[in-house]
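Participant: Any chance you can model this:
(chains A and B)
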Amino acid sequence: MEISVSQEQGRVPVTILGVKGEINAETADAFLAAVQRAYAEGPCDVLLDLSEVSYISSWGIRALSDVYSMARDQGEEGRPAKAGGVSKHVKLLCPTAQVRKVLETTGLDLYLESFSDRKRAVASF
Amino acid sequence: MLQVPADVKQLAIIRRFIEECAAAMEVDADASADMVQAVDEAATNIIVHSYRGAPGTIDLEVSREGEWLVVLLRDQGPRFDPTKVSPPDLTLPLEQRKPGGLGIHLMRHFTDRMAWRTTPDGGNELMLAKRANAGSGASGASPSEQGGAA
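Facilitator: The predicted model follows:
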């Protein structure tokens, strides 16, 4: 699995993590570590580009759930983090059909919004 | 039949094996993809939770029994019946959900039958079955738990 990091400016700066490969039992920890590094410099809005994720297992779903929690714990400056609901600070870009299927089966699609267009995704933050 | 070391690096090989067997057995693409997911989850559980890093192997047998695609996974880890694991409560908010159980949930969701037994040598045998074609109805006998190797 490879992860690239870039920044784009919408209404707010957005950190884009491009994930290539599989998110499974072998790679989930490395994936989480990469996300943690993005948050290490402070609260940020994160777009996970999953267009090149060839496969995700339940371990990947668990990792995405952890990312949701990380984003929730970041909260918004000056305001307490809101529990539950769709994340405003981490979103998904172009999940493949297999990834979408697993997101829907596990209910994680209700918490992490997916976009098929990068510009719209960045603008949504 | 395929025998692989119980190692997460073997998961892609396992998935490819299932895909190839399913294609050779003229299984629908959707059914094949679902079975691949289920088998991957089962194999992951064996590797991570059963062997827990200890050396071991996973044996896989794939067969077509009438309308059914049947996969048997055998391991020599501690006795564990995944069919007895309660499904996770996905109606709970994400932060209230207990960890674990998602792999077995996906196994159940992506297959039509799941059964477990111990093997004569004290190992585990998990049977996963999926209707091979979209046109397959609910009628027709369930696959035997013994299975027939292919």
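
Participant: only C-alpha atoms for contact and neighbour calcs from this point on.
Facilitator: Noted.

Participant: Just checking stretch B:17-28 against chain A, any contact.
Facilitator: No: contact of stretch B:17-28 with chain A is not found when judged by CA under 8 Å from any CA of the partner chain; the minimum separation is 13.6 Å.

Participant: Output the set of residues of chain B in proximity to chain A.
Facilitator: Residues of chain B lying close to chain A (CA under 8 Å from any CA) are B:8-9, B:37, B:40-41, B:44, B:90, B:93-95, B:102-103, B:106, B:109.

Participant: Try it again at 7 Å.
Facilitator: Residues of chain B lying close to chain A (CA under 7 Å from any CA of the partner chain) are B:Val8, B:Glu41, B:Leu90, B:Pro93, B:Leu94, B:Leu102, B:Gly103.

Participant: can you tell me which two in those residues are farthest apart?
Facilitator: Put simply, by CA to CA the two of these set farthest apart are B:Val8 and B:Pro93, 30.1 Å from each other.

Participant: Am I right that B:Val71 sits in a strand?
Facilitator: Yes: counting by DSSP: H, G, I helix; E, B strand; the rest coil, one finds B:Val71 located in a strand.

Participant: what bits of chain A have low per-residue confidence?
Facilitator: Along chain A, segments meeting pLDDT under 70 span A:75-84.

Participant: Strands along that one, start to end?
Facilitator: Ranges of strands in chain A, per DSSP state E, are A:2-9, A:13-23, A:45-56, A:90-93, A:114-115.

Participant: before we move on, the earlier item: out of B:Val8 and B:Pro93, which sits in the more crowded spot?
Facilitator: Applying other CA atoms under 10 Å in any protein chain shown to B:Val8 and B:Pro93 shows that B:Val8 carries more neighbours, namely 21 against 14.

Participant: Quick check, that one in contact with A:Glu26.
Facilitator: Yes: applying CA atoms under 7 Å as the test, B:Val8 and A:Glu26 come out as touching, 5.8 Å apart.

Participant: List the buried residues for stretch A:31-50?
Facilitator: Residues of stretch A:31-50 classed as buried: A:31-32, A:34-35, A:38-39, A:43-50 (neighbour count, 16 or more other CA atoms under 10 Å in any protein chain shown).

Participant: which two of these lie the greatest distance from each other?
Facilitator: Using CA to CA, those reach their maximum pairwise distance at A:Pro43 and A:Leu50, which is 21.2 Å.

Participant: hmm, who's touching stretch B:75-95?
Facilitator: A:84, A:107, B:50-51, B:56-59, B:97, B:101-102, B:104-105, B:114-116, B:123-125 (CA atoms under 7 Å, 6 or more residues apart in numbering or on different chains).

Participant: Need phi/psi at the nearest residue to A:Gly107 once chain neighbours are set aside.
Facilitator: The shortest distance from A:Gly107 to any residue other than its chain neighbours is 6.6 Å, reached at B:Leu90 (CA to CA, 6 or more residues apart in numbering or on different chains). Main-chain torsions, B:Leu90, degrees, to the nearest 10: phi -80, psi 0.
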